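S.K.: fold the following, please.
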Amino acid sequence: MKKICLSVVGIFLTLFASFAQTTPKDSTEYKSRKLTFEEANLVSSYYRQDGDNAAVTGGIGSQKLSDISNTIDVKFTKWDKKDRKHSFDLEVGIDHYTSASSDKVNPQTISSASYSDTRLFPSLSWSVENEKKGSTFGAGISSSTEFDYQSFGVNLSFAQKTKNRSGEFSAKLQAYLDNMAYILPVELRPPGSVINEDGEGSRSDYPSKSRNSFSGSLSYSQIINERLQIMFIADLIYQQGYLGLPFHRVYFSGATLPVIENMPDTRMKIPIGFRANYFMGDKVIIRGFYRYYSDDWGLSGHTIDLETPVKITPFLSITPFYRYYTQTAVDFFAPYNKHTAADQYYTSNYDLSKFNSNFYGAGFRITPPKGVFGVKRLNMLEMRYGHYTRTNGMSSDIISMNLKFK
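M.R.: Numbering: from 1, shown residues only. All right, here's what the predicted structure looks like:
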């Protein structure tokens, strides 16, 4: 794992060194016709969780999991002959997790291949902004690859500012085409199969299932006055295909052997949100967000998010934050050993159960004029810590760091 982290940092520094010198000394007025380095970000995070409702073991058992993630984001810009700004964003991420519950897919091994995995997720996006017309058009592609899951994504976006530039309407379309390995719990695999004999097998040993997700998003932002900005957001998300996970066990009442969870093969989601930023003078900003969520599986939820950046000095700010979330259960959720064979659909995944959650923490951000640690081009360092709790007993912690080069 140390090798992975050091490799990511090395790649980031190499990319930065390659392009940093191409930026003009005074880039505020200069409009380069050539591809020019704009900024780069390195984001690293560590996440851990614990609980006693693992879906892999039917809604009981350890939910211990840890994840280390590193993401490199490099941005470039250029201006064309019509004075339109083209922006290119290349992002490469890699994370590595270990999971006690996933290891129970095949508990016959000392530590199965499911115990840990590494995911690689690159993306590339492009946008062109016409400042005279106040319009922006963009497109992007993405990919995510791990042992049992492969995802490809595409997106298109459009934004148009109002005539007085105080408001902006935006729209975005996204599609994700996913393919997963159909990995059954070991006791449900065909007797004598290669997979059953050697523990886990290779990716090609498993059959596959597909899952497609399509979404559309509309938003409108408006500057009310010099202190208040608001935004309205509405999404529509449609999923089709295999929407469960084949290694999530469900135990029927009175049965000794499990079955795998069975979900509907379509799902419609409708989130609607409202965001507001209020500037209390030069040192304090209050950022608020509310979202209502509903889907045709019977789940509905409410999210309230508050964040208050406070500027301690011109170069140091502290940001406490808090998020409250509550949801109902899907129509076909039941705990361990509570489903019956008469149920058409069934799951014991507590992510789909009724619960309330709290997420709170704080971050700090420094932007010293001479650069972080005296490195002039390293112009920002941000660190955040958050603690998460659910009423069903799950808890987690996350700490992240963001370094920005310009």
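S.K.: so what's the nearest residue to Ala55 once chain neighbours are set aside up against?
M.R.: What sits nearest to Ala55 in space, not counting adjacent residues and going by CB to CB, 6 or more residues apart in numbering, is Asn349, at 3.9 Å. In short, each C-beta sits where N, CA and C put it, glycine included. When contacts are counted by CB atoms under 8 Å, 6 or more residues apart in numbering, Asn349 is found next to 55, 59, 245, 248, 261, 333.
S.K.: identify the residues contacting Pro335.
M.R.: With CB under 8 Å, 6+ apart, Pro335 has these contacts: 59, 348, 353.
S.K.: run through this structure and note the low-pLDDT ranges.
M.R.: For the chain, applying pLDDT under 70 flags the ranges 1-30, 101-102, 108-115, 192-203.
S.K.: coming back round to it: any chance of the contacts of Pro335 in a markdown table, with distance to Ile286 and secondary structure too?
M.R.: Shown next, in a markdown table, are the contacts of Pro335 (distance: CB to CB, whole Å; DSSP: H, G, I helix; E, B strand; the rest coil):
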| residue | distance to Ile286 | secondary structure |
| --- | --- | --- |
| Gly59 | 40 | coil |
| Ser348 | 40 | coil |
| Ser353 | 33 | coil |
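S.K.: count the residues that sit near Ala139.
M.R.: Residues lying near Ala139 (other CB atoms under 10 Å) number 14.
S.K.: near the residue lying closest to Gly371 once chain neighbours are set aside, how many other residues are there?
M.R.: Spatially, and ignoring its direct neighbours in sequence, Gly371 is nearest to Leu378 (5.1 Å; CB to CB, 6+ apart). By the criterion of other CB under 10 Å, Leu378 has 18 neighbours.
S.K.: now do the contacts for Leu378.
M.R.: 371-372, 403-405.
S.K.: and which of those is nearest Asp397?
M.R.: Ranked by distance to Asp397 (CB to CB), the contacts of Leu378 are led by Leu403 at 21.1 Å.
S.K.: is the closest one in contact with Leu42, as I believe?
M.R.: Yes - if you go by CB atoms under 8 Å, Leu403 and Leu42 touch, sitting 4.6 Å apart.
S.K.: ok, the residue nearest to Gly371 to Lys75 distance?
M.R.: 16 Å (CB to CB, to the nearest Å).
S.K.: just give the number of residues close to Met280.
M.R.: Around Met280 there are 11 residues (other CB under 10 Å).
S.K.: was I right about it contacting Ile286?
M.R.: Yes - look at Met280 against Ile286 with CB under 8 Å: they come within range, at 6.4 Å.
S.K.: buried set for stretch 231-250?
M.R.: Going by neighbour count (16 or more other CB atoms under 10 Å), the buried part of stretch 231-250 is 231, 233, 235, 237, 239, 241-250.
S.K.: and what of stretch 49-62?
M.R.: Per 16+ other CB under 10 Å, stretch 49-62 contains these buried residues: 49, 51, 53-62.
S.K.: if anything else comes up later, I'll come back, but that's it for now.
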